[in-house]
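Colleague: model this:
(chains A, B and C)
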Amino acid sequence: MRSPDVQEVLLSVEGVSLAFGGVKALTGVSFDVRKGEIRAIIGPNGAGKTSMLNVINGFYHPNQGSITFKGQTRARMRPFEASRGGIARTFQNVALFKGMSALDNIMAGRTLKMRYGLFWQALRFGPAQREEVEHRHRVEEIIDFLEIQAIRKVPVARLPYGLQKRVELGRALAMEPDLLLLDEPMAGMNLEEKEDMSRFIIEVNDHYGTTIALIEHDMGVVMDLSNRVVVLDHGVKIADGTPDQVKRDQAVIDAYLGVAH
Amino acid sequence: MSAGGPLNTFPKLLRRNASQFGSHAAIRHKDLGIWQTWTWAQVLEIVRAYAAGLQRLGLKQGDTIAIVGSNRPKLYWTVMAAQMVRAIPVPVYSDAVADELSYVLGHADVKFVAAQDQEQVDKVLSVQERVPHLQKIIYDEHRGMRDYDHARLVKIDDVIADGRAALAGDSSLAAKLDALIDAGEGADTSIILYTSGTTGASKGVMLSAERCIEAATDTAKFDKLTENDVALAYLPLAWVGDHYLNYAQGIVAGFCMACPEGPQTVEQDLREIGPTFYFAPPRVFETMLTRLMIRMEDAAAVKRSMFHYFLAIARRHGEAILTGKPVPLSGRLLYAIGSLLVYEPLKNVLGLSRVRVAYTAGEAIGPDLFVFFRSIGLNLKQLYGQTEAFLYVTCQPDGEIFADTVGPPAPHVDIRIAESGEVQFKSPGMFVQYFRDEAKTAETLTPDGYVKTGDAGFFDEKTGHLKIIDRAKDVGRLKDGTMFAPKYLENRLKFYPNIKEAVTFGDGRDFVSAMINIDPTAVSNWAERNNVAYGSYQELASHPQVYEMVARDIAEMNASLAQEKVMAGAQVRRFLILHKELDADDGELTRTLKVRRGFVADRYAALLSAFYNGSKEADISTEVTFEDGRKGRMSARLKIHDLPTTQVASGLEKAA
Amino acid sequence: MVLFGQFLEILIGGLLSGVLYSLVALGFVLIFKASGVFNFAQGAMVLLAGLALVRSLDLLVANGFPFWTAIILGLVFAGIIMAVTAWLVERFVLGPLVNQDGLTLFMSTIGATFVLEGASQMIFGSDVYPLRLFPTDAWFLFESSFPGGILVNKLDVWGGLIAGILVAGLAIFFQRTKTGRALRAVADDHAAAQSVGIPISWIWFVVWLVAGLVALVAATVWGTKLGVQFSITFLALKALPVLIIGGFTSIPGAIVGGLIVGAGEKLAEGFLGPHIGGGIEYWFAYVLALAVLLVRPQGLFGERIIERI
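Modeller: Numbering: from 1, shown residues only, chains lettered A, B, ... in the order given. Okay, here's the model as predicted:
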């Protein structure tokens, strides 16, 4: 078990409900994410995990409840505003820019950090050139960190799934986020890839001090990884605590066993 | 250049390079996507600081310091700095498993270890009990090392910075360091290279400074290497080939050694650097060709026919043009067009555009493969060498190139063939002794001072070049007395694109049998094109159509063996395709990827006996080591395939 | 020699008129590259741009503005109209359809076509309006070597020049700017683009604006050639074979495709026409496109479609 140094709350979700037509995806969910921790959101399929992430990220707008991020409470926020505020994310089914190289994908993560306008960029001259070099340097550090030097120039569509996931993580890291949302980072991976990914997640948290909220379907994976775990089932929070507490919680055991029937 | 005297140690040569080629690039390394360059002057400054720093850490003359990692400037500088303080560098293969590592570290009794990164440091720490005199571990990459106990760990950068500060603070220290360099003697042990251990435990080959330099000077002159050349240092740091070709020749000739970004990026780095001097084992050339051919299969019809047309032109005239022999004008013209349209673009794609001299060695190279690269204008040559010779025993001079020889003796090398057929030599670079192993030293050196290579070979009458058949001890006989040279057969099998590795058996048996590894790239590509579905390597390897394909290849070899008097009786009668790739991690291959036949025979004893008791299939279960060091079991039922043998036209003749 | 002279004349004429096809095709490629949408409304946008230009020009000249001032003001006005159109399309058609698939978006552009066609004719009128921006006479070249020389239309040469400048500008925009990279990102994946902080609505506005400006450029040339009239929207149909030949995602492909179609149909008309009957010009491009589809579905310059499942 790892423990965060700071107890400051970075994100708090209060009483969030979300419905699509008559279908309730989330009902009165509240929890918080502390600065510097790895927070897991788990639950059986259809528990509303991805909906929760999409709410935090601004893809969905909650029908009720509020999200407070870095002390600011907001009602409706669009996704690009969330990223501007320092939230980066990855997707369950890998959403990369397929036609671009791994390098360009990660460079795209720097979009928000670039300041100089069209004119200078087009000429590749002056401050824009310096800026490009500076960003490239940051991106190269990420490439080095994720050990993907060999695929820098490869169009991502040609990469195997595990590497695509890694590039996607790289793109999110390039945004230097305060909060990193990972949607099933280990889905569809083999054991070795899972171990690699776990290592990267821990190192990101360690090395860059990034706060991470991750969704996992598989309970085992997150237990060693996270500081605290929220468990959702049918859109309702059923448990919240350290991995050990959650593991012993009867409601959680039932929910997971209940999946099988 | 205060002291005169002979340039008989590497630190002295380094000092010369700094003053003679001071602003020339000495070493390059791609870091964070950018090629960083250090000139000879900069390298000298860094290495002096590093040497001073190492002295302050307690490294003394005669101490051993191990170097574990891949080709990184800081690790090469460790070698230089160790030599500067007259300590002895001992490079270790970066992929050595803990047991191998602990053996070498213990046997060499190292006081220091320079490790590349966390992974290597972990490995060293895991065996530290068995290295009683280990004082410090110094490391290159800081990543992941924050939570380590830093009492015994020092960053290389810090050692250099500490040394630099000390040199700046105390001017007498610099003078002392210079005096130490001047005091270096040619007889100093320059390096200990542990052989990869084809047989038994690895041996520490001690090489003296003057012999290293003498040998490297000879061959650098032979290939006209100068300070304007560039080589890509991508071969294992601990292998004699890298130490000789890149490090020793690099310092002697003053050329630039470029370190790739990482093991996976070598191909791209090769393209970006465009070396002028290049070495690769046949395997690498084979992979290049396979990849080219696959890409051509996918290319448009026009492109493909152009490719084949001009390759035919190249086969006809390429060799003659390369060696400056007369060629008809039309041939010259067509070749020039081919150069423009095909050969140069090909070489460019492979990163070989600027190569002036290329060598291959280690295994026999397929004649087609060899001819292909020469015909498109790559000056590819063969050499034969050994760690004990500090590499070169023979090498092919420009203009005297044959696919099936390894060339005449290298400059100043004296070769003789013993009664037993074994090749023996005396050479400028020959080793002094095995470290702490007098028995083995005595076994390897003849009383009159020749080194036994353990290889069987003969001088070709036509060309005067040496031909190597096999390891002397591996040449055996079938029950009926037919000569059985396993490597000879295996090499011929491996020349087929579908076959990656072959192990043949037959010594003391009734007939020859073979275990085959299919080439996953070529075969999976074939499967894709023919809509053959498979889920794993194992499934692909056991596919009936794959069996048939391999059977056709072997039958073809059998037919051609039938044409050779000596070998006709050694045709392969039965074979099977192994369910897994032979792997160095499982001990089936050496670190230089040579098959360990005896080990394979033991490990797959069940299969071997099935060959000779007539079974149609056999079960096998073996332990495998995964990349992360965990072990598991893998079992399979393998089919054994029978082959008809081709009768020799004039009846079966047997070798004497 | 006569035959060769004739051949050369037809070839040059064909290539230059092909450039004009390319101009229209470019608008399609731009939007397709940047948003993955096949914009059926491109032809309507050319009509709208042309009408806005020619009508404002007429009005300004009638009110006594000097010709060149009128042209500049007219272009500015038409540009503004295209910007407003881009904003409207983004706001009311595409914006609500973020994260929908390509076919849905394609259908929505068909709807937009009818609205644009209707609206532009309602506002600016539905007659044929002559536009005189470029000289329409011809040069006769190489009169010494060929009897009668080779006829080259000045308008076509202007069209070629303008297309060249446009392509260079677009290439720089796409390859070298942050916005260009953002455009490509949006085309690949909406959600991912949003997640890295690319505001999709802004990007789509930019794309449609650029496509609108390209339409305006096309309208100046085509309007001079044919007069601004409703039939200009049929250009969209001629652009289709150009796109199939060149590839939907390639700017150079749009140019080369246009050249092939232009030269091909003129040569076919000139040399095959007398033998198999005239009118080849009207269907030749489609036959050519069909042939390309059979051999190379992604077009000559298109990206090979790689799907990993």
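Colleague: How about the helix ranked longest in chain B and chain C, any contact?
Modeller: Among the segments of chain B that qualify as a helix by DSSP state H, the longest is helix B:301-322. No: Helix B:301-322 does not reach chain C (CB under 8 Å from any CB of the partner chain); its nearest approach is 10.4 Å. Placement of C-beta: from N, CA and C, glycine included.
Colleague: what's that helix packed up against?
Modeller: For helix B:301-322, the packing partners by 3 or more CB pairs under 8 Å, 6 or more residues apart in numbering or on different chains; DSSP states H and E come out as helix B:282-298, helix B:329-338, helix B:367-375.
Colleague: Just say which of these is most tucked in.
Modeller: Of all the helices and strands packed on helix B:301-322, helix B:367-375 carries the top mean neighbour count, a mean of 19, counting by mean count of other CB atoms under 10 Å in any protein chain shown.
Colleague: Please list the outside residues in contact with that one.
Modeller: B:282, B:285-286, B:289, B:311, B:314-315, B:318-319, B:322, B:358, B:360, B:380, B:382, B:401, B:403-404, B:495 (CB atoms under 8 Å, 6 or more residues apart in numbering or on different chains).
Colleague: next one: stretch B:458-475
Modeller: B:198, B:364, B:384, B:393-394, B:396, B:400, B:402, B:404-409, B:415, B:417, B:420-423, B:453-457, B:483-488, B:597.
Colleague: 7 Å instead, please
Modeller: For stretch B:458-475, contacts defined as CB atoms under 7 Å, 6 or more residues apart in numbering or on different chains pick out B:384, B:394, B:402, B:404-408, B:415, B:417, B:420-423, B:454-457, B:483, B:485-488, B:597.
Colleague: how about it: buried residues?
Modeller: B:Phe459, B:Thr463, B:His465, B:Leu466, B:Lys467, B:Ile468, B:Ile469, B:Asp470, B:Arg471, B:Ala472, B:Asp474, B:Val475 (16 or more other CB atoms under 10 Å in any protein chain shown).
Colleague: Need those in JSON lines (columns: pLDDT and secondary structure).
Modeller: Shown next, in JSON lines, are the buried residues of stretch B:458-475 (pLDDT from 0 to 100; DSSP: H, G, I helix; E, B strand; the rest coil):
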{"residue": "B:Phe459", "pLDDT": "85", "secondary structure": "strand"}
{"residue": "B:Thr463", "pLDDT": "82", "secondary structure": "coil"}
{"residue": "B:His465", "pLDDT": "90", "secondary structure": "coil"}
{"residue": "B:Leu466", "pLDDT": "90", "secondary structure": "strand"}
{"residue": "B:Lys467", "pLDDT": "82", "secondary structure": "strand"}
{"residue": "B:Ile468", "pLDDT": "85", "secondary structure": "strand"}
{"residue": "B:Ile469", "pLDDT": "77", "secondary structure": "strand"}
{"residue": "B:Asp470", "pLDDT": "82", "secondary structure": "strand"}
{"residue": "B:Arg471", "pLDDT": "81", "secondary structure": "strand"}
{"residue": "B:Ala472", "pLDDT": "82", "secondary structure": "helix"}
{"residue": "B:Asp474", "pLDDT": "80", "secondary structure": "helix"}
{"residue": "B:Val475", "pLDDT": "81", "secondary structure": "coil"}
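Colleague: Who's the closest spatial neighbour of residue 31, skipping the chain neighbours?
Modeller: Here I'm looking at chain A. Leaving aside its chain neighbours, A:Phe31 sits nearest to A:Val230 (4.7 Å; criterion: CB to CB, 6 or more residues apart in numbering or on different chains).
Colleague: You answered for a different chain; I wanted chain C.
Modeller: Closest to C:Ile31 by CB to CB, 6+ apart is C:Asn39, at 4.2 Å.
Colleague: and B:Glu588, what does it touch?
Modeller: B:Leu582, B:Arg596, B:Phe599, B:Val600, B:Arg603.
Colleague: which one of those is nearest A:Gly28?
Modeller: Proximity of these to A:Gly28 (CB to CB) peaks at B:Leu582, which lies at 60.3 Å.
Colleague: Check the gap between that closest one and chain A for me.
Modeller: 21 Å (CB to the nearest CB, to the nearest Å).
Colleague: mind checking the SS state of that residue?
Modeller: coil (DSSP: H, G, I helix; E, B strand; the rest coil).
Colleague: Many thanks, I have nothing further to ask.
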